[in-house]
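Novice: coordinates only, no sequence provided:
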């Protein structure tokens, strides 16, 4: 099959790779209908994360089940499935508490690379969720978004204790941040402040439910949020970048007793204990347990309640994967969908 | 009046100081029935915090209202009151959300020093809670505990999401940690692991409801907590020390999806963002909003449901305040009660 491999920063190639096969009786093989490039894929692409030898890329996927191992009972060939970037048994205590990305048996799905034609998914019963039937093509982008960025934005909102009557601020205008806006709206937030300085992203944020746009960053951004909230800060802040600046901005934009939900993968971030102590801010974040939310998210997409697929503003055939990365790196695209 | 003043590390003296007077119409003057030495008073006493000139000490207090300002309506002279170390209006949005120690009008009560005969308490209506009547002497230690250490241990437990069926670990065997054990029991925890290597403190922890004692610290302490929890960690961990080691121990003892409530005043603590991100641990801490809990805590003490005053294992007249500090510094006493 063909699959994307990164060789060095800026160097992603589509190559011939071995077809994946069932290795364990709990595996499934999925023929991918769509996959995409993640903001976190840009860390190695930009050289911020080390690339140590050729590495298959991609961890977001939807597609048709081709084959399952002998112990898989809940998923069968022919079904259209959405899965998360971590495989989970969905039965251990940690999974039952809703933290499937810390499942005691978790396995990274991205190891084999989902920017490809086929993908082996371990722990298929606990990881994959089938749609009611094979969807029409127009639903593919939204279902693919559920695989990671929607679920991640949703977790950011849940971790930030978003709810009715709350004022929510969102730091980061990538796909996750934008879908954090959508999640906040769906979870009943009264006011949603998107922090963005890019017009096309501001427009999408507004379409997803943002009531205010703040273009300032850093201390100025914090000051604007305070201005908009009687000097108190937002009840809930979703952090969707993962840098020191964005974490600081998020925590300082949160009112005492409020919550920061941080879902940008942290890179070289340290939090000062004293400031955090006196901030009275509740912190929860980490790799989103997308599996927790998938049945609900698929239902909302299936019924047309939400349209998260709008974050894909570029769709390319898989063999143009290199251009897909470039467009996101240069911020010409919010998120690139790839069709194998 | 007489009041305690710190001049340098290790040098606390009882001195003649001006009687406090009503300065603002929302003030109350309280004649103190009992006061005490806090674990946080040991930071300057040990030179860990700088002592820049003579400073009045103490921030825990119970006593009889002597006088109130013209705008005080809820508190009247003759009442016995318990208050928190931060004055709060108890009406602003932050107070109503239960974070009175971040009140938009908060003032530190300890500025004038509560290790004294009299104390001026600002924002009396929002800060002080009166008992049903003037209590008998035997209730004084428990009511005094409610002023800070009980309320702080209680907040630690609430911040750590303690509840029925949960396994709770407590890092720190000072008065706050021990009362965190008591709070966890009252809040319905199923299993309470106290981390202590001091026999007298282990005994009190057990009396307060600890079901297990762990004597190991640091990585070994974390490993023991994991051993006791099927490798997962505790659902809720109360951190009651405030050092880098104790925070690290607390966070690593918490299972993914669990919560660390940290109430030890943070000193030179930094939290690594990546580790926190992948830990899936929920963090909440800070100066305990004791005022939130006072009515409930006073009721539990008044009805004899709890006896938090047992943390005072040394009672001295106020003029022996220096010995009170020494005994705690040398860990001969858990907590010193002072009678003016």
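Specialist: Received the coordinates, thanks. The model shown is predicted, which means the values in this text are computed figures rather than measured ones. Residues are numbered from 1 along each chain as shown, chains lettered A, B, ... in the order given.
Novice: identify the residue nearest the residue nearest the centre of chain A in space, chain neighbours excluded?
Specialist: With distances taken as CA atoms, centre = their mean, residue A:149 lies nearest the centre of chain A, 2.4 Å away. Residue nearest to residue A:149 in three dimensions, not counting chain neighbours: residue A:175, with 4.3 Å by CB to CB, 6 or more residues apart in numbering or on different chains. All C-beta spots, glycine's among them, are computed from the backbone N, C-alpha and C.
Novice: so how many other residues sit close to the one you found?
Specialist: Here the number of neighbours of residue A:175 (other CB atoms under 10 Å in any protein chain shown) works out to 30.
Novice: distance of it relative to chain B?
Specialist: Distance, residue A:175 to chain B, using CB to the nearest CB, to the nearest Å: 19 Å.
Novice: contacts for the one helix or strand residue A:185 maps to, please.
Specialist: For residue A:185, the host element (DSSP states H and E) is helix A:175-186. If you take CB atoms under 8 Å, 6 or more residues apart in numbering or on different chains as the criterion, helix A:175-186 is touched by A:39, A:145, A:149-150, A:152-154, A:156-158, A:162, A:168, A:170-172, A:192, A:194-196, A:201, A:204-205, A:208-210, A:236, A:238, A:240-241, A:263-264, A:300, A:305-306, A:308, A:311, A:334-335.
Novice: please redo it, this time with the cut-off set to 6 Å
Specialist: For helix A:175-186, contacts defined as CB atoms under 6 Å, 6 or more residues apart in numbering or on different chains pick out A:149-150, A:152-154, A:156-157, A:162, A:168, A:170, A:192, A:194, A:204-205, A:208-210, A:238, A:240, A:308, A:311, A:334-335.
Novice: which of the three states applies to the closest residue to residue A:212 other than its chain neighbours?
Specialist: With sequence-adjacent residues excluded and distances taken as CB to CB, 6+ apart, residue A:212 is closest to residue A:193, at 4.4 Å. Under DSSP: H, G, I helix; E, B strand; the rest coil, residue A:193 falls in the strand class.
Novice: ok, residue A:193 to residue A:275 distance?
Specialist: Distance of residue A:193 to residue A:275, given as CB to CB, to the nearest Å: 22 Å.
Novice: enumerate every residue touching residue A:334.
Specialist: Taking CB under 6 Å, 6+ apart as the test, what residue A:334 contacts is A:175, A:311, A:313.
Novice: quick one: the second one and residue A:337 touch, right?
Specialist: No. Between residue A:311 and residue A:337 there is no contact, the gap being 9.2 Å when judged by CB atoms under 6 Å.
Novice: please say which of the two ends up with more neighbours.
Specialist: Of the pair residue A:311 and residue A:337, residue A:311 is the one with more neighbours under other CB under 10 Å, namely 28 against 22.
Novice: the more buried one and chain B: what is the separation?
Specialist: Remark: distance between residue A:311 and chain B (CB to the nearest CB) = 22 Å.
Novice: for that residue, report the pLDDT, please.
Specialist: Looking at residue A:311, its pLDDT stands at 97.
Novice: can you tell me how far the residue lying closest to it once chain neighbours are set aside is from residue A:333?
Specialist: In this structure, residue A:311 finds its nearest non-sequential neighbour in residue A:175, 4.1 Å apart by CB to CB, 6+ apart. When distances are taken as CB to CB, residue A:175 and residue A:333 turn out to be 10 Å apart.
Novice: the nearest residue to residue A:58 once chain neighbours are set aside: what's it in contact with?
Specialist: Distance criterion CB to CB, 6+ apart; nearest residue to residue A:58, sequence neighbours excluded, is residue A:115 at 3.2 Å. Shown in contact with residue A:115 (CB under 6 Å, 6+ apart): A:4, A:35, A:57, A:58, A:321.
Novice: please repeat the previous calculation with a cut-off of 7 Å.
Specialist: Residue A:115 sits next to A:3, A:4, A:35, A:57, A:58, A:318, A:321, A:338 when contact means CB atoms under 7 Å, 6 or more residues apart in numbering or on different chains.
Novice: how about residue A:229?
Specialist: Shown in contact with residue A:229 (CB under 7 Å, 6+ apart): A:167, A:255.
Novice: distance of it relative to residue A:277?
Specialist: From residue A:229 across to residue A:277, the span is 22 Å (CB to CB).
Novice: so which bits of chain A are right by chain B?
Specialist: Within chain A, the positions near chain B by CB under 7 Å from any CB of the partner chain are A:93-94, A:97-99, A:102, A:232, A:247, A:255-257, A:265-266, A:269-274, A:277-280, A:282-287.
Novice: okay, strands next: where are they in the stretch 101-250 of chain A?
Specialist: Taking DSSP state E, counting those that start in this stretch as the test, the strands found in the stretch 101-250 of chain A are A:107-108, A:118-121, A:128-130, A:167-171, A:191-195, A:212-214, A:234-239.
Novice: tell me the strands beside the shortest one, with direction?
Specialist: Pointing back at strand A:107-108 there. Here strand A:107-108 is paired, per DSSP bridges, with strand A:86-87 (antiparallel).
Novice: now do the same for the partner strand: mean pLDDT, whole number.
Specialist: 96.
Novice: show me what it is in contact with.
Specialist: Here strand A:86-87 makes contact (CB under 7 Å, 6+ apart) with A:100, A:101, A:106, A:107, A:108, A:109, A:121, A:122, A:123, A:127, A:287.
Novice: quick one: end-to-end distance for stretch A:40-52.
Specialist: End-to-end distance of stretch A:40-52: 16 Å, with CA to CA, to the nearest Å as the criterion.
Novice: go on, stretch A:296-310?
Specialist: 19 Å.
Novice: check which residues of that stretch are buried.
Specialist: A:297, A:298, A:300, A:301, A:306, A:307, A:308, A:309, A:310 (16 or more other CB atoms under 10 Å in any protein chain shown).
Novice: let me have these in TSV, adding secondary structure as columns.
Specialist: Formatted as TSV, the buried residues of stretch A:296-310 follow (three-state DSSP):
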residue	secondary structure
A:297	helix
A:298	helix
A:300	helix
A:301	helix
A:306	coil
A:307	coil
A:308	helix
A:309	helix
A:310	helix
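Novice: and those residues, which two are the farthest apart?
Specialist: Within those, two members stand farthest from each other by CB to CB: A:298 and A:310, at 16.9 Å.
Novice: residue farthest from the centroid of chain A?
Specialist: Outermost in chain A, CA atoms, centre = their mean: residue A:230 at 31.8 Å.
Novice: from chain B, how far off is residue A:249?
Specialist: Going from residue A:249 to chain B by CB to the nearest CB gives 14 Å.
Novice: wouldn't that residue be in contact with residue A:222 here?
Specialist: Yes. Between residue A:249 and residue A:222 a contact is recorded at 5.9 Å, counting by CB atoms under 7 Å.
Novice: more neighbours, these two?
Specialist: Between residue A:249 and residue A:222, counted using other CB under 10 Å, the more crowded position is residue A:249 (27 against 22).
Novice: name the nearest residue to the closest residue to chain B within the stretch 101-250 of chain A, ignoring sequence neighbours.
Specialist: Chain B sits closest to residue A:102 of the stretch 101-250 of chain A, with a gap of 3.3 Å, by CB to the nearest CB. Excluding its sequence neighbours, the residue lying closest to residue A:102 (CB to CB, 6+ apart) is residue B:256, at 3.3 Å.
Novice: quick one: residues contacting the residue nearest to residue A:28 when sequence neighbours are not counted.
Specialist: Nearest non-adjacent residue to residue A:28, counting by CB to CB, 6+ apart: residue A:124, 3.5 Å away. For residue A:124, the contact set (CB under 7 Å, 6+ apart) comprises A:26, A:27, A:28, A:68, A:72, A:75.
Novice: dump these into TSV; add secondary structure as well.
Specialist: Output for the contacts of residue A:124, formatted as TSV (three-state DSSP):
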residue	secondary structure
A:26	coil
A:27	coil
A:28	strand
A:68	strand
A:72	coil
A:75	coil
